[in-house]
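**Q** Here is a sequence with its predicted model. Questions after.
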Amino acid sequence: MNQQESSFLANVVPAALSTQKLFGVPASITIAQAIAESGWGQSALAKQANNFFGIKALAHADPNAYAEFPTHEFVDGREVSVMCAFAKYPSPLDSFLAHARLLALAPRYKPAMAERNDPAAFATQLQKCGYSTSPDYAVALIKLINEYDLRQYDVQPIDQPATQKLPTQ
């Protein structure tokens with residue numbers, strides 16, 4: 001692990017642990033997604049919009065609440081480049097909170113949350129639930145979890161995720 005990766009982990013682990021406690025999303029999953037989706041925090045989306053998870057903006061969002069960036073999507077098995085509106089966050093922590101809230105509370109991700117004590121199964125369910133269009137998304141997350149020993153950050157067992165609203169900052 002290089003210095004930039006070590007620094008990124010040092011910055012995101014506390015946020016992942018906090019969101020795990022609040023919402024029940026495994027810290028290993030949160031960290032792996034932040035790595036994969038933001039390129040270790042180096043993507044333009046992370047740097048300019050504090051969006052570490054590729055969370056798209058709502059169609060009716062306030063124009064100040066999103067930014068457009070090019071992204072790669074898989075359509076009919078082919079990778080294509082498209083422009084998408086992504087949510088903007090005031091801070092990295094807001095991005096982590098929004099990510100955890102999305103996974104914990106959106107009905108779409110209920111199958112993933114049912115696997116919150118097994119990060120590999122959680123990653124597989126995230127892909128099945130459509131978090132990413134990449135056909136290798138779960139494999140990529142599991143590889144990151146294993147390569148960087150991210151399970152060390154999971155608090156087991158994760159009993160009940162919170163269902164409260166996000167704290168305001």
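**A** Great, that's in hand. Numbering: from 1, shown residues only.

**Q** Now do A65: how many residues are near it, please.
**A** Around A65 there are 13 other residues, counting by other CB atoms under 10 Å. No exception for glycine: its C-beta is placed from N, CA and C like everyone else's.

**Q** Would you agree it is in contact with I55?
**A** No - applying CB atoms under 8 Å as the test, A65 and I55 come out as separate, 11.3 Å apart.

**Q** I'd like the next helix or strand past the least confident helix or strand in the chain by mean pLDDT.
**A** Every helix and strand in the chain was compared by mean pLDDT, DSSP states H and E; the lowest is strand 66-75, with a mean of 71. Next helix or strand after strand 66-75 toward the C-terminus (DSSP states H and E): strand 78-87.

**Q** From the chain's centroid, how far away is that next one?
**A** Its chain's C-alpha centre and that of strand 78-87 lie 17 Å apart, by CA atoms, centre = their mean, to the nearest Å.

**Q** Show me what that strand packs onto, helices and strands only.
**A** Applying 3 or more CB pairs under 8 Å, 6 or more residues apart in numbering; DSSP states H and E, we find strand 78-87 packed against helix 44-49, strand 66-75.

**Q** Those: which one's closest to Y109?
**A** Taking CB to CB as the criterion, strand 66-75 is the member of the helices and strands packed on strand 78-87 that comes nearest to Y109, at 18.9 Å.

**Q** Regarding N51, what is its secondary structure?
**A** coil (DSSP: H, G, I helix; E, B strand; the rest coil).

**Q** contacts for the biggest helix by length in the chain?
**A** The longest helix of the chain (DSSP state H) is helix 3-23. Contacts to helix 3-23, defined as CB atoms under 8 Å, 6 or more residues apart in numbering, come from residues 1, 25-27, 30-31, 34-35, 40-42, 52, 92-93, 96-97, 99-101, 103-105, 148, 153-155, 158, 161-162, 164.

**Q** what's the spacing between V155 and A27?
**A** From V155 across to A27, the span is 7 Å (CB to CB, to the nearest Å).

**Q** Mark which of the contacts of helix 3-23 are part of strands, please.
**A** The subset of these located in strands under the criterion DSSP state E is empty.
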